[in-house]
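Enquirer: Sharing a model that was predicted from the sequence below.
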Amino acid sequence: MKLFADGNGYDSFTVPAGGSEMPASNITIESGQHFFQMDGHHVYNTAIEVIPAALKSVLSEAGLTADDIDLVVPHQPSIRILEESARRIGIPFEKFGTNMIVTLTHPAAQYQSFLMKCGAQAESGEVICLHL
């Protein structure tokens, strides 16, 4: 198991105000800073660099290659991000478990059921990579 975190670009995927860094005020409310804001292009470009690098690092440390992976149970950022990440890692996209076509994204409450579904499809001895 390996944990990764990267705070770079936090302002590209954020709710600018209402938290401890910028508490709610009349000014922040009137200027609409309590709504989610995202620079999709920056998020996409960051994700397609960071996700493959993280998964390749874990595979390398485990002495595995992309060919050894039977199933990837990924965080569900977007289909495009997952498709490009799969291409960059060298794992066929068909090995990526996703149901975003049905649910679009994965709120935390749905993740357990998705994980159980993927686990139920796995067979003994298969190598499963979790990217949460």
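Expert: Cool, got the structure.
Enquirer: distance of the residue in the chain sticking out farthest from the centre from residue 34?
Expert: When each C-alpha in the chain is compared with the mean C-alpha position (C-alpha atoms, centre = their mean), residue 26 comes out farthest, at 34.3 Å. Counting by C-beta to C-beta, to the nearest Å, the gap from residue 26 to residue 34 is 12 Å. All C-beta atoms are positioned from the backbone trio N, CA, C, and that covers glycine.
Enquirer: same check, this time on residue 40
Expert: Residue 40 sits 20 Å away from residue 34, going by C-beta to C-beta.
Enquirer: the more surrounded of the two?
Expert: For residue 40 against residue 34, the residue with the higher neighbour count under other C-beta atoms under 10 Å is residue 34, and the figures read 14 against 11.
Enquirer: element containing that one?
Expert: For residue 34, there is no enclosing helix or strand under DSSP states H and E.
Enquirer: What ranges does this structure have for its helices?
Expert: Along the chain, counting by DSSP state H, helices occupy 26-30, 40-61, 79-89, 100-103, 108-121.
Enquirer: chain center to the first one: distance?
Expert: Centroid separation for helix 26-30 versus its chain: 32 Å, with C-alpha atoms, centre = their mean, to the nearest Å.
Enquirer: Over to the longest one?
Expert: Distance of helix 40-61 from the chain centroid (C-alpha atoms, centre = their mean) equals 9 Å.
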